[in-house]
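K.L.:
my questions concern the predicted model and sequence given below.
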Protein chains: 2
Amino acid sequence: MTVSNHDLFHLLQQKSRHIKKILNIKLTDHDLYMAQWSILYCLHKFGPMTQKEILIYLNVEAPTLTRTIARMEDNGWIVRREGEDKRERIIELTETAIGNFPHIKETVCEMEVELLRRFSTEEKEQLYTLLQKITPIGK
Amino acid sequence: MTVSNHDLFHLLQQKSRHIKKILNIKLTDHDLYMAQWSILYCLHKFGPMTQKEILIYLNVEAPTLTRTIARMEDNGWIVRREGEDKRERIIELTETAIGNFPHIKETVCEMEVELLRRFSTEEKEQLYTLLQKITPIGK
DNA sequence: ATTAATTAATTAGCTAGCTAAGTAATTCCT
DNA sequence: AGGAATTACTTAGCTAGCTAATTAATTAAT
């Protein structure tokens, strides 16, 4: 088998979109999108965080996060409060979000399992290691 | 090493965005975006195609393609003409696009090489094979 | 102590995914 | 042949990436 660089990137982009699409479909039942789910996941894992901390974890630009968080606030998933440093906003899950989390997590996990159905544990680790090997450029 | 499904998908999405971002930066010099580049690449490889054929190759929804192609027409990359079947539009590269193609391709290739700098040929094939293993759901 | 530089977040504006719904041409079926 | 179903593409409207430029608060430096 010979794979051109182009084919490799083409496939990677397609799978990335595929995963996003599939998860978004599942998340629609919960009135969520994948980007919002990752923020929810992150806050549930680490507790209240500043936007800066979230965007470092998610590796997303500030304006993207600002907007998504605004939507999540409108929909009652999170609350923003001022930090001691008054430039900062501390983001926190609402009670509702915490309450719904386990159920949402379960449906996401089911989907993830399905997407990786044909993988052994070793293959997952291989894939992870290989992805890490892609040169991080910039910054 | 133990990798959760979540971590694996998280990394995959991040790398996908990283690649897109990096390529978009390079393509800015040519007044192109990655999505437009893939259409250009596709048309250069296969010659004139209907939108249907393009979207099957790129695995993208019709409205997405319609809009991107409209932008590319505005910018002089492609031309649309009617097919024999009058529902179809046949998309063709302009002379300018064909003329510029080699130069653009070169800069994209350089970037792809850089992103895969740390990969052996075997590792590229491994990555390709593993990505293929992700369950294709739907349709 | 003031001023300059940095930092956290925001606003505005771009591209590109997506779905749902619509239009026009073609094909299928009786 | 005529009506129903399908097909190719489009339009409208949503989310989420991105950059560039702005605002307000804090830190650094003179």
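P.N.:
The structure has been received and is ready for your questions. Numbering: from 1, shown residues only, chains lettered A, B, ... in the order given.

K.L.:
and for stretch A:118-137, what's in contact with it?
P.N.:
Here stretch A:118-137 makes contact (C-beta atoms under 8 Å, 6 or more residues apart in numbering or on different chains) with A:116, B:1-3, B:5, B:7-8, B:11-12, B:15, B:18-19, B:22, B:114-119, B:123, B:126-127, B:130-131, B:133, B:135. For glycine as for every other residue, the C-beta is placed from the backbone atoms N, C-alpha and C.

K.L.:
where exactly do the helices run in chain A?
P.N.:
A:5-28, A:34-46, A:51-58, A:62-74, A:95-115, A:121-133 (DSSP state H).

K.L.:
would you reformat those as CSV and include mean neighbour count?
P.N.:
Listed next are the helices of chain A as CSV, based on neighbours: other C-beta atoms under 10 Å in any protein chain shown:
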stretch, mean neighbour count
helix A:5-28, 18
helix A:34-46, 19
helix A:51-58, 17
helix A:62-74, 14
helix A:95-115, 15
helix A:121-133, 16
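
K.L.:
just want the residue of chain A that's nearest chain B.
P.N.:
Across chain A, no residue is closer to chain B than residue A:16, which sits at 3.5 Å (C-beta to the nearest C-beta).

K.L.:
rewinding a little: using JSON lines, lay out the helices of chain A together with mean pLDDT and distance to residue B:84.
P.N.:
Output for these, formatted as JSON lines (pLDDT from 0 to 100; distance: least, C-beta to C-beta, whole Å):
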{"stretch": "helix A:5-28", "mean pLDDT": "97", "distance to residue B:84": "30"}
{"stretch": "helix A:34-46", "mean pLDDT": "98", "distance to residue B:84": "41"}
{"stretch": "helix A:51-58", "mean pLDDT": "98", "distance to residue B:84": "49"}
{"stretch": "helix A:62-74", "mean pLDDT": "98", "distance to residue B:84": "45"}
{"stretch": "helix A:95-115", "mean pLDDT": "98", "distance to residue B:84": "41"}
{"stretch": "helix A:121-133", "mean pLDDT": "98", "distance to residue B:84": "45"}
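
K.L.:
since that was my last question, I'll sign off now.
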